[in-house]
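Colleague: coords please:
(one chain, ligands or ions: 2)
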Amino acid sequence: MAGPRPVVFSGPSGAGKSTLLKKLMKEYDSVFGFSVSHTTRNPRPGEVNGKDYHYVTREAMQKAIDKGEFIESAVFSGNMYGTSKAAVQAVQAKNLICILDIDMQGVRNIKKTDLNPIYVSIQPPSMAVLEKRLRDRKTETEESLQKRLHAAQVDMEFGKEPDIFDVLIINDHLDEAYGQLKEALSEEINMVKKASLSS
Ligand SMILES: Nc1nc2c(ncn2[C@@H]2O[C@H](COP(=O)(O)OP(=O)(O)O)[C@@H](O)[C@H]2O)c(=O)[nH]1
Ligand SMILES: Nc1ncnc2c1ncn2[C@@H]1O[C@H](COP(=O)(O)OP(=O)(O)O)[C@@H](O)[C@H]1O
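Modeller: Ligands and ions are numbered 1, 2, ... in the order given. Presented below is the predicted three-dimensional model:
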């Protein structure tokens with residue numbers, strides 16, 4: 001596929017993926033672009049349709065999957081999520097580094113494609129910290145919180161598998177984790193910056 005290598009962020013719900021990738025896209029807005037996934041979950045307060053996700057019905061999503069419009073899709077905590085071909089192409093057409101925020105099923109499925117991204121695992125320092133962050137975020141019902149915590153236990157093991165991820169970041173102190181992320185992606189960031197200067 002054309003353009004610079006995409007970057008996949010994965011890790012348990014509440015690990016800090018959105019926080020870190022939003023920081024990165026704010027500091028380097030001419031370097032990174034976000035692959036806007038589709039989901040059947042409801043928007044949270046402050047989330048914007050077409051920016052955070054494309055919010056769709058199950059029927060619409062299943063239809064689009066059946067038509068072959070998705071690179072990958074998965075069910076997480078009872079809702080469907082997926083990366084459309086159009087979402088990735090929209091970012092790559094601008095020659096930006098495409099950021100994908102996907103769960104571990106997504107990671108396994110992307111590994112079967114020719115996308116060839118850099119895989120970044122974002123992990124919390126502990127389950128206890130993860131639970132506190134998810135509770136303090138106040139986005140979940142008790143039921144969806146429990147589902148996320150259950151999935152997180154599996155995710156935390158998966159995230160430490162060395163053959164799967166290129167970079168492992170423990171998001172304890174945000175500034176330190178962000179520094180490590182920038183360091184890990186510095187080569188790609190500089191490549192895109194250079195290319196845009198010479199064009
Ligand atoms: N496979 C896959 N997973 C996704 C996609 N978009 C989001 N996810 C994952 O779905 C999970 C739930 O996302 P979300 O509902 O936004 O909750 P949050 O991670 O707690 O903020 C997270 O692990 C995301 O990485 C996608 O397009 N494909
Ligand atoms: N290093 C950190 N220290 C304390 N709180 C954090 C840190 N990183 C993220 N958070 C908070 O934890 C919650 C979960 O982070 P979020 O980015 O939404 O996770 P994810 O996208 O992985 O589900 C948010 O309320 C966020 O503000």
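
Colleague: What residues does this structure have near ligand 2?
Modeller: Applying CB under 6 Å from any ligand atom, one finds that the chain approaches ligand 2 through 13-19, 133, 136-137, 171, 173-174, 177. C-betas here are computed from N, CA, C, even on glycine.

Colleague: List the buried residues of the helix or strand of the chain with the lowest mean pLDDT.
Modeller: Least confident helix or strand of the chain, by mean pLDDT, DSSP states H and E, is helix 186-198 with a mean of 90. For helix 186-198, the neighbour count (16 or more other CB atoms under 10 Å) marks 188-189, 192 as buried.

Colleague: just checking, what packs against it?
Modeller: Counting contacts by 3 or more CB pairs under 8 Å, 6 or more residues apart in numbering; DSSP states H and E, helix 186-198 is packed against strand 97-101.

Colleague: Quickly run through the sheet partners of the strand it packs on, with directions.
Modeller: Using DSSP bridges, strand 97-101 pairs in its sheet with strand 7-10 (parallel), strand 32-34 (parallel).

Colleague: The helix or strand following that strand close to ligand 1?
Modeller: Going down the chain from strand 97-101, the next helix or strand is helix 104-110, by DSSP states H and E. Yes. Counting by CB under 6 Å from any ligand atom, ligand 1 has neighbours in helix 104-110: 105-106.

Colleague: CA-only coordinates of helix 104-110 in PDB, if you can.
Modeller: Presented in PDB, the C-alpha positions along helix 104-110 are these (Å, rounded to 0.1, in the frame of the first residue of the first chain):
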ATOM      1  CA  MET A 104      -6.500  -7.700  19.800                       C
ATOM      2  CA  GLN A 105      -8.800  -9.500  17.300                       C
ATOM      3  CA  GLY A 106      -8.100  -6.500  15.000                       C
ATOM      4  CA  VAL A 107      -4.400  -7.000  15.500                       C
ATOM      5  CA  ARG A 108      -4.500 -10.700  14.600                       C
ATOM      6  CA  ASN A 109      -6.600  -9.900  11.500                       C
ATOM      7  CA  ILE A 110      -4.400  -6.900  10.400                       C
END
